[in-house]
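*Asks:* Fold the following.
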Amino acid sequence: MLIPSIDNVRGPFERVTSPGEAVDRLARLYDDATQALRGAVERFLKDGEPPSSATRALFRYPELRLTYAPNGPALSSPRAFAKFSDPGTYATTVTQPQEFRAYLLEQLEPLVSEYGATMEVGVGAPEIPYPYVIESGDELTRGGADAAELARFFPVPSLATIGDETADGEFDFGPERPLALFDAPRVDYSLRRLVHYTGSDWRAMQPWVLLTNYHRYVDQFVHWGLKQLHAGAGVQKVVLPGNVVIDSSVSPAEAEARVGAVAWHRFQMPAYHCVRADGRGISLVNIGVGPSNAKTITDHIAVLRPHCWLMVGHCAGLRQSQVIGDYVLAHAYLRRDNILDEPVPLMTPIPALAEVQVALQEAVAKVTGDRGEALKRRLRTGTVVTNDDRNWELRWSKERRLINISRAIAVDMESATIATQGFRMRVPYGTLLCVSDKPLHGEIKLPGAANAFYERAIAEHLQIGIAAIGLLQAQDDTLHSRKLRSFDEPPFR
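*Replies:* As a prediction, this is how the structure comes out:
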């Protein structure tokens, strides 16, 4: 017999007095729910026993509710997040509360101490899909059960309950407002997608992210990470695709052997992580080429609420004065990627973030040693065209006017998508590209010239990206710009 879903059932809710108590209760409820779900799946696979309605009622996400009822005028705060726009009740379901503990406390503490919000924690309405509590999937091979049979008795992911309506400003003001951009079903969906695309556990993803469109950056990043690890510079471990972990107990020779054996090509957008205990770790994701990949991976990284993501990749220079190996710091984007036009209409400005722009420029100066006019010659600031057609040069007669009137200085296939996604998902963003060819001036990529360029430029470019993150890490409180927030934002960052 098919066991019906009970998505409209909620409660009971319990008042809690401190953020720590709220997260503790969320964690207990989540652990109880996932243990009940995992145990029911085990019984079904072993004995064919489906869960009863009472048992299935246990498979639900915990929910957090905050009520803000000021006695006087609404409090104003210069902070970009952890603040209320209006009195009312705000709610969200939560997944993996223990893993998100630091983030939850960061958001809750100002809302309680400054705004006097009251907190309640209880059982939410949405059920936890069974695939989200099965870590490896090996369990499902026992008993001969298939996905269709499990779906008859256990909750499964439903696209009807997963979406970006809150992030895209499409939510209705009902009796409760959204507390966060992403609820538990949306977060769980992306956590599993991250594992699929990047080839590593989502928990390895660090809060500072570099995105690149060339695999050669990976070699330099891994080399840098291992050097930091063995030098005792704060890196605890380096995590590679396939969940290959290298820590300080692994000798340099063995570490190199493990790196060489990684089957990164099995994953569409492999990720590499330099993990630190102090929250200053960096992840590098090789997103490949094109705006579709750029949107896909940032859709999923966004649920982890990173502090920043930066694009470091190659571009085509459009100015005669540029030299191959020069840098382009994007301060505006001509969006020709055609992938985010509906959620973020083309009329929407994508602003440059001052903190990120300054950090990138200072990082170029620091790493290259250039200053004054020498830096201006090496680093060009301007508009980047992001095109979804790699062979845009073959449509030059149509592209020429747009490039001309936009004053664009470079073309790539990912940067505007990443910046627009940062704007859309409220994640600070920036772009520093390296000119690898000049198609309008007869300097196209040829194998010999390309290899020489790669050897010379990539190590420096990557070090600039890492240095920029280092500068931004000193100001992460102010990095989360109010430029990314609207007047009716959810309180959580």
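*Asks:* which one is the residue minimising distance to the centre of the chain nearest to, not counting chain neighbours?
*Replies:* Note on the chain: the residue nearest the mean C-alpha position is Ile301, at 2.1 Å, using Cα atoms, centre = their mean. What sits nearest to Ile301 in space, not counting adjacent residues and going by Cβ to Cβ, 6 or more residues apart in numbering, is Val209, at 6.2 Å. (C-beta placed from N, C-alpha, C; glycine too.)
*Asks:* Might you report the residue contacts of the one you found?
*Replies:* Each residue near Val209 by Cβ atoms under 8 Å, 6 or more residues apart in numbering is listed here: Ile282, Ser283, Leu284, Val285, Ile301, Pro306, Cys308, Trp309, Leu310.
*Asks:* Could you tell me which of these belong to strands?
*Replies:* Ile282, Ser283, Leu284, Val285, Cys308, Trp309, Leu310 (DSSP state E).
*Asks:* Kindly reformat those as JSON lines and extend each row with distance to Glu342.
*Replies:* Shown next, in JSON lines, are the ones in strands among the contacts of Val209 (distance: Cβ to Cβ, whole Å):
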{"residue": "Ile282", "distance to Glu342": "32"}
{"residue": "Ser283", "distance to Glu342": "29"}
{"residue": "Leu284", "distance to Glu342": "30"}
{"residue": "Val285", "distance to Glu342": "25"}
{"residue": "Cys308", "distance to Glu342": "26"}
{"residue": "Trp309", "distance to Glu342": "22"}
{"residue": "Leu310", "distance to Glu342": "26"}
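*Asks:* what's the closest of those residues to Gln320?
*Replies:* Nearest to Gln320 out of the ones in strands among the contacts of Val209 is Leu310 (Cβ to Cβ; 27.8 Å).
*Asks:* in this protein, which segments are predicted with low confidence?
*Replies:* 1-9, 135-144, 173, 441-455, 476-477 (pLDDT under 70).
*Asks:* let's go with 80 and repeat that
*Replies:* Residues of the chain meeting the criterion pLDDT under 80: 1-11, 74, 135-146, 171-174, 439-456, 476-478.
*Asks:* you'd agree the residue nearest to the centre of the chain is up against Trp309?
*Replies:* Yes: contact criterion Cβ atoms under 8 Å: Ile301 and Trp309 qualify, at 6.8 Å.
*Asks:* between the two, what contacts are shared?
*Replies:* Residues touching both Ile301 and Trp309 (Cβ under 8 Å, 6+ apart): Val209, Val427.
*Asks:* okay if I get the contacts of Val209 as JSON lines plus distance to Tyr130?
*Replies:* Supplementary listing: these in JSON lines, determined by distance: Cβ to Cβ, whole Å:
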{"residue": "Ile282", "distance to Tyr130": "34"}
{"residue": "Ser283", "distance to Tyr130": "29"}
{"residue": "Leu284", "distance to Tyr130": "33"}
{"residue": "Val285", "distance to Tyr130": "28"}
{"residue": "Ile301", "distance to Tyr130": "25"}
{"residue": "Pro306", "distance to Tyr130": "28"}
{"residue": "Cys308", "distance to Tyr130": "35"}
{"residue": "Trp309", "distance to Tyr130": "32"}
{"residue": "Leu310", "distance to Tyr130": "37"}
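*Asks:* which among those gets closest to Val133?
*Replies:* For the contacts of Val209, the nearest to Val133 is Ile301 (22.2 Å; Cβ to Cβ).
*Asks:* check contacts around that closest one.
*Replies:* Ser190, Leu194, Met205, Val209, Val285, Trp309, Val427.
*Asks:* Which stretches in the stretch 301-450 of the chain count as helices?
*Replies:* Assigned by DSSP state H, counting those that start in this stretch, the helices in the stretch 301-450 of the chain fall at 354-368, 372-378, 396-406, 415-425, 447-473.
*Asks:* gap between stretch 162-176 and the chain center?
*Replies:* 20 Å (Cα atoms, centre = their mean, to the nearest Å).
*Asks:* Quote the end-to-end distance of it.
*Replies:* Using Cα to Cα, to the nearest Å, one end of stretch 162-176 lies 18 Å from the other.
*Asks:* Identify each buried residue in that stretch, please.
*Replies:* For stretch 162-176, burial by neighbour count (16 or more other Cβ atoms under 10 Å) applies to Ile162, Asp164, Thr166, Ala167.
*Asks:* now swap in stretch 17-31 and tell me
*Replies:* Buried residues in stretch 17-31, counted by 16+ other Cβ under 10 Å: Pro19, Ala22, Val23, Asp24, Arg25, Leu26, Ala27, Leu29, Tyr30.
*Asks:* Could you look up the SS state of the third one?
*Replies:* Read it as Val23. helix (DSSP: H, G, I helix; E, B strand; the rest coil).
*Asks:* And it, how close does it get to Glu106?
*Replies:* Between Val23 and Glu106 the computed distance is 11 Å (Cβ to Cβ, to the nearest Å).
*Asks:* Likewise for Glu256?
*Replies:* From Glu256 over to Glu106 the distance is 38 Å, taken as Cβ to Cβ.
*Asks:* Do a quick rundown of the strands in the stretch 201-350 of the chain.
*Replies:* With DSSP state E, counting those that start in this stretch as the criterion, the stretch 201-350 of the chain has strands at 208-212, 235-240, 244-247, 271-276, 282-286, 308-317, 327-336.
*Asks:* Tell me if I'm right that Pro157 and Glu127 touch.
*Replies:* No: between Pro157 and Glu127 there is no contact under Cβ under 8 Å: 10.2 Å.
*Asks:* Which of these two has more residues huddled nearby?
*Replies:* Glu127 (24 against 17; other Cβ atoms under 10 Å).
*Asks:* does the more buried one really touch Phe59, like I thought?
*Replies:* Yes: using Cβ under 8 Å, Glu127 is in contact with Phe59, at 5.0 Å.
*Asks:* now the nearest residue to Leu58 once chain neighbours are set aside: how far from Glu109?
*Replies:* Residue nearest to Leu58 in three dimensions, not counting chain neighbours: Ala36, with 4.0 Å by Cβ to Cβ, 6+ apart. Computed as Cβ to Cβ, the Ala36 to Glu109 distance reads 31 Å.
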